[in-house]
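Build the 3D model from these lines:
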Amino acid sequence: MSLLTLLLLYSVVMAEGRLRLHLITYNVAGGPPREGLVSLLDIENTPDLVSLGCEELGDTSAWEDEMDEVLRTKSYYRVQKVTLNQIQIVIYALKKHLPFLTHVETEYTKTGFGGTWGNKGGVTVRFRLYDKTVAIVNSHLSAHMDQKQIRDEEYWNIMAEQDFDDPYAEHLYDHDYLFWTGDLNYRLEGPSNNQVKAIIAAGEHDKLLMYDQLLEEQQTGHAFIGFHEGPITFPPSYKFDPDTDVYDSSEKQRVPAWCDRVLWRIKAERQAIVRALNWHSDGHSDSLLSDVSVRDEKKAECEGDVEVDASPNTFVKLRKKTVSLMKKTAHYAGSSGTALLRTAVGSQPIKIHRSDIACADKFKHVLNTLQRQKLSDVELQYAKSVELVQYVSYPQYKASDHKPVAATLLVKFNTAQSPMLKFTRPSYEWQLGGKLELSIYCSNKTLMSSWDWVGLYDANWTEAEKTYLTFQWAGKEHVIFPGSALPATGTKYNVVYFSSQLNAPIAIAEVIPVHKQ
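Numbering: from 1, shown residues only. Alright, predicted model coming up:
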């Protein structure tokens with residue numbers, strides 16, 4: 001093998017980097033983070049990105065403050081957070097990825113009381129990371145054994161209603177990687193409470209998975225179609241007597257269940273399944289089964305999507321088929337259900353994920369041998385896009401009636417990229433009494449705006465938009481801090497360039513003050 005071939009192979013391997021994502025869901029039952037977060041955040045393994053989704057928050061700032069305290073000295077920064085009533089998601093990333101994590105947006109969907117109250121619903125942070133678009137949802141769905149179909153409906157509403165400004169991923173299902181965490185509240189349906197507890201006590205909780213509502217809804221095409229989940233090897237994470245490892249002994253006698261879950265979905269895999277099964281072969285009715293939403297020509301050209309016939313007759317067929325299959329999929333009630341149906345039958349473009357709605361039967365146990373082989377081939381092809389490291393619960397956390405659950409994943413990105421904008425030096429010395437002059441390189445000048453700014457931070461900063469010591473407006477290739485801006489104490493600082501267009505900090509450099517002896 002020639003040296004050139006080896007170098008090319010090496011460059012391909014280096015380009016296909018794998019980032020370690022650690023995704024957590026924890027229904028905290030209104031309590032503070034009294035047991036600490038060090039083990040929960042997987043700090044010893046230095047994940048590239050950490051997401052903590054909490055449900056039933058009391059003090060909505062307590063958990064993010066604790067994350068700040070744990071991560072601030074570990075070279076992490078807060079990407080973003082979003083809170084809806086008592087539901088929250090907070091995401092941190094290593095600062096070395098800062099130049100490549102852009103287009104940060106947040107969304108939320110209320111699903112409680114017919115979509116009018118945020119006691120239930122979903123919150124999302126989405127962004128571009130290197131060459132991929134990523135969305136992370138944390139949700140809290142309706143409780144109780146008999147609310148399975150309502151939980152399905154809430155999933156549809158969250159998936160359908162969240163919109164973003166990024167033309168490469170305007171909806172949740174458009175993202176290259178979609179991660180979904182939360183207290184999904186799906187229960188074990190069938191065995192009695194005593195039977196479930198006896199099976200768990202015998203160490204045979206894997207036998208209970210056949211009764212899991214979420215797995216059933218996936219298999220029958222009612223919700224979370226196309227999502228992956230790691231093997232569940234831990235006991236049910238709900239419901240415990242607080243401060244114990246004892247399942248509910250109160251008068252309510254809740255049946256233990258795996259309410260707390262972490263799932264993921266890969267857009268390219270879904271599109272490959274569509275192609276493999278020829279669901280869009282005639283460009284008309286079968287195109288309803290495609291993962292590709294109807295887009296305008298500009299966006300289709302930009303993303304290289306399969307073209308979909310957008311004639312009025314096609315839309316009529318689509319709406320009729322969608323409504324028909326929606327009625328088969330779940331029972332919709334209340335204003336949220338009405339709104340969902342109106343989206344499907346109204347005059348506006350359909351925002352619901354058509355592959356999820358229109359191909360429910362494809363995911364039942366009716367696939368023939370050839371189709372199963374095609375699906376197996378596709379799954380094998382994309383198996384290394386997202387690899388599971390661990391899927392665990394944390395039994396040592398006892399303050400809540402839930403145990404936290406986390407998935408650690410190795411996710412494929414093309415990390416061989418150059419930053420769009422950077423400081424021309426990785427570090428600067430700042431002489432006491434003198435000014436600090438920064439030079440900035442930008443590969444695309446249109447990226448720079450007069451609304452951009454450069455902040456001066458303590459070296460252990462976490463939140464770009466709030467924790468700066470001082471700032472200067474940027475949008476140009478030279479930025480100057482006056483001598484009076486240099487703090488009197490401290491040995492090391494950072495300067496960070498915040499892009500208004502990309503809604504993210506995208507360049508960082510070290511600042512070392514030089515004080516006169």
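
Against Ser250, how distant is Tyr211?
22 Å (Cβ to Cβ, to the nearest Å). Backbone N, C-alpha and C define where each C-beta goes, glycine included.

can you check His228 too?
In terms of Cβ to Cβ, His228 sits 35 Å off from Ser250.

So for the two, which residue has more residues nearby?
Taking neighbours as other Cβ atoms under 10 Å, His228 and Ser250 compare with His228 leading, 20 against 9.

nearest residue to that one other than its sequence neighbours?
Trp264 (5.4 Å; Cβ to Cβ, 6 or more residues apart in numbering).

for Ala93, same thing?
Closest residue to Ala93 apart from its sequence neighbours, by Cβ to Cβ, 6+ apart: Leu49 at 4.8 Å.

Bridging across strands, which residues link to Glu387?
On the basis of DSSP bridges, Glu387 is bridged to Leu410.

Near it, how many other residues are there?
12.

swap in Ser450?
Counted with other Cβ under 10 Å, residues neighbouring Ser450 total 10.

cool, and Ser249?
12.

check contacts around Glu55.
Thr25, Tyr26, Asn27, Val28, Gln86, Ile87, Asn138, His140, Gly182, Asp183 (Cβ atoms under 8 Å, 6 or more residues apart in numbering).

hmm, I was thinking of Ala474
Contacts of Ala474 (Cβ under 8 Å, 6+ apart): Ile440, Met448, Asp452, Trp453, Val454, Tyr497.

Could you pull up the contacting residues of the nearest residue to it once chain neighbours are set aside?
Spatially, and ignoring its direct neighbours in sequence, Ala474 is nearest to Asp452 (4.2 Å; Cβ to Cβ, 6+ apart). Asp452 makes contact with Trp473, Ala474, Gly475, Tyr497, Phe498, Ser499, Ser500, Gln501, according to Cβ under 8 Å, 6+ apart.

Which members of those residues are classed as buried?
The neighbour count (16 or more other Cβ atoms under 10 Å) marks Ala474, Gly475, Tyr497, Phe498, Ser499 as buried among those.

so which of these would you say is closest to Tyr177?
The closest of the buried ones among the contacts of Asp452 to Tyr177 turns out to be Ser499 (Cβ to Cβ; 22.3 Å).

wait, isn't that closest one in contact with Thr446?
No. Using Cβ atoms under 8 Å, Ser499 is not in contact with Thr446, being 11.6 Å away.

Low-confidence ranges, the protein, go.
For the chain, the stretches flagged by pLDDT under 70 are 1-16, 278-369, 516-517.

Bridged to the most centrally placed residue in it, which residues?
What sits nearest the mean C-alpha location of the chain, by Cα atoms, centre = their mean, is Ile136, with 1.1 Å. On the basis of DSSP bridges, Ile136 is bridged to Val125, Phe179.

Show the contacting residues for it.
Ile136 neighbours (Cβ under 8 Å, 6+ apart): Leu23, Ser51, Gly53, Ile89, Ile91, Thr124, Val125, Arg126, Phe179, Trp180, Thr181.

Of those - the most surrounded one?
Highest neighbour count within those, by other Cβ under 10 Å: Gly53, with 33 neighbours.

So that residue sits against Val125, correct?
No. Gly53 lies out of contact with Val125 (Cβ under 8 Å); the separation is 9.9 Å.

Can you check which residues contact both of these two?
Ile89, Ile136.

quick one: contacts of the helix or strand hosting Lys197?
For Lys197, the element it lies in under DSSP states H and E is helix 193-201. Residues outside helix 193-201 that contact it (Cβ under 8 Å, 6+ apart) are Leu188, Pro191, His205, Lys207, Leu208, Pro235, Pro236, Tyr247, Gln253, Arg254, Val255, Pro256.

what's the burial count for the nearest residue to Lys120 once chain neighbours are set aside?
Leaving aside its sequence neighbours, Lys120 sits nearest to Gly112 (Cβ to Cβ, 6+ apart; 4.0 Å). Counted with other Cβ under 10 Å, residues neighbouring Gly112 total 18.

Is it correct that Gly112 is in contact with Gly121?
Yes. Proximity of Gly112 to Gly121 meets the contact threshold set by Cβ under 8 Å, at 6.4 Å.

Just the helices from the stretch 51-200 of the chain, written as ranges.
In the stretch 51-200 of the chain, the helices defined using DSSP state H, counting those that start in this stretch lie at 62-71, 148-161, 193-201.

nearest to Val411, of those helices?
Counting by Cβ to Cβ, Val411 lies closest to helix 62-71 out of the helices of the stretch 51-200 of the chain; the figure is 19.5 Å.

thinking in terms of the whole chain, how far from its middle is that closest one?
19 Å (Cα atoms, centre = their mean, to the nearest Å).
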